[in-house]
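>>> for reference, the sequence and a predicted model appear below.
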Amino acid sequence: MGYLIEGQWQEGDATEAAKDGRFQRAESAFRHTLGEGEFPEEEGRYHLYVSLACPWAHRTLIQRARRRLEGVIGLSVVHWRMREGGWSFRDGPGVLPDPVMQARFLHELYAKADPHYSGKATVPVLWDRATDRIVSNESSEILRMLDRAFGGSGELYPEALRAEIDAVNERVYRDVNNGVYRAGFAASQEAYEEAVAPLFEALDWLETRLSGQRYLMGDRLTEADIRLWTTLVRFDAVYVTHFRCNLRRLVDYPHLWAYARDLYAQPGFGETTDFAHIKRHYFESHVRLNPGGIVPLGPIVDWDAPHGRDGMG
Ligand SMILES: N[C@@H](CCC(=O)N[C@@H](CS)C(=O)NCC(=O)O)C(=O)O
């Protein structure tokens with residue numbers, strides 16, 4: 001773990017847990033848009049840096065695969081363990097090194113893009129090879145860019161559904177995507193309970209919503225599904241134990257669990273999911289939560305079991 005100050009890497013826990021024990025996520029710093037202004041659409045010009053473990057990066061990886069943009073936007077995958085030096089490109093199964101600067105650590109790219117950058121070096125990063133700059137390091141915005149750029153139709157965020165998608169995204173982000181982190185990184189009992197209660201209220205709400213419709217917006221997949229799903233797929237493998245989100249497991253929610261398997265079977269989802277990176281990242285990286293670094297072998301769950309949702313409206 002660590003962070004950059006004025007482009008210089010500092011080892012240490014830039015923990016986002018404030019003095020009151022509550023985890024706070026920092027805003028992403030690079031917020032340009034592919035296809036606008038200085039970042040025109042050009043095949044081969046942009047490169048995506050992800051961790052296969054990271055739920056935020058996973059959003060962008062799913063969309064790159066769904067759109068079959070593999071030949072248009074390059075990909076690097078960091079090593080699952082995030083300790084000294086932060087995310088690195090050290091050798092390991094599934095790691096794809098950096099072809100742009102042959103960086104050893106992700107933070108080198110942040111410092112190259114902005115020698116005065118202060119903050120964390122997070123994934124995902126959408127990099128512009130032509131200018132050596134970061135287009136964006138905000139997953140929700142990269143997801144939308146990959147929905148529209150290079151001939152995309154913007155189907156994940158259709159005009160008519162935007163208000164409803166925004167409303168669902170807001171609650172899912174606060175209580176689910178970030179909720180599991182607020183529970184896991186809470187440094188007090190109070191902060192932990194403040195995160196866990198709304199997390200499971202939100203899962204109950206989603207369970208009901210998905211009992212009568214295939215996707216969060218009805219009969220079509222939108223960005224809201226991708227954003228929810230990357231947390232669900234990690235839930236039983238990691239968050240139930242490592243982050244103590246254990247009132248219930250995903251498999252205890254019949255509709256949510258079938259919904260998660262439905263998406264897992266669709267193009268872009270299962271194929272970009274790497275449970276080894278996911279589990280090893282969390283259990284080997286967070287020394288405070290798991291000092292021994294032991295990775296649990298379970299749970300045994302069948303992601304390929306029939307989900308029975310094809311015919312749902
Ligand atoms: N707002 C960012 C958050 C990304 C994020 O927090 N990524 C984590 C991995 S899951 C990370 O890279 N953390 C590095 C660190 O904490 O030093 C986004 O959604 O793109």
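That came through, no problem. Quick caveat: nothing in here was measured; it's all calculated off a predicted structure. Residues are numbered from 1 along each chain as shown.
>>> pLDDT value on the residue positioned nearest the centre of the chain, please?
Residue closest to the average C-alpha location in the chain (Cα atoms, centre = their mean): residue 56, at 1.7 Å. Residue 56 carries a pLDDT value of 98.
>>> and it, what does it touch?
Each residue near residue 56 by Cβ atoms under 8 Å, 6 or more residues apart in numbering is listed here: 122, 123, 124, 139, 177, 230. All C-beta atoms are positioned from the backbone trio N, CA, C, and that covers glycine.
>>> excluding its backbone neighbours, what's nearest the fourth one?
Counting by Cβ to Cβ, 6 or more residues apart in numbering, residue 56 is the residue found nearest to residue 139 once chain neighbours are left out, at 3.9 Å.
>>> in a helix, the one you found, correct?
Yes - Residue 56 forms part of a helix when assessed by DSSP: H, G, I helix; E, B strand; the rest coil.
>>> look up how far residue 177 lies from it.
As judged by Cβ to Cβ, to the nearest Å, residue 56 and residue 177 stand 8 Å apart.
>>> intersection of neighbour lists for these two?
residue 230.
>>> average pLDDT for the top helix by length along the chain?
Counting residues, the longest helix found in the chain (DSSP state H) is helix 189-209. The average pLDDT within helix 189-209 is 98.
>>> and it, what other elements does it pack with?
Applying 3 or more Cβ pairs under 8 Å, 6 or more residues apart in numbering; DSSP states H and E, one finds that helix 189-209 makes contact with helix 179-184, helix 254-264.
>>> please identify the most buried of those helices.
The highest average neighbour count among these, using mean count of other Cβ atoms under 10 Å, belongs to helix 179-184 at a mean of 23.
>>> close to the ligand, is that helix?
No - judged by Cβ under 6 Å from any ligand atom, helix 179-184 and the ligand are separated, with a smallest distance of 8.2 Å.
>>> same check, this time on stretch 134-154
Yes - Stretch 134-154 is in contact with the ligand by Cβ under 6 Å from any ligand atom, via 137, 138, 139.
>>> out of these, who's nearest the ligand?
For those, the minimum distance to the ligand (Cβ to the nearest ligand atom) is 3.3 Å, reached by residue 139.
>>> so, low pLDDT: which residues of the stretch 151-300 of the chain?
The stretch 151-300 of the chain contains no residues with pLDDT under 70.
>>> which bits of it sit near the ligand?
So the stretch 151-300 of the chain never meets the ligand (Cβ under 6 Å from any ligand atom).
>>> so who does residue 79 touch?
The contact partners of residue 79, by Cβ under 8 Å, 6+ apart, come to 87, 88, 89, 90, 91, 92, 95.
>>> okay then, goodbye and thanks.
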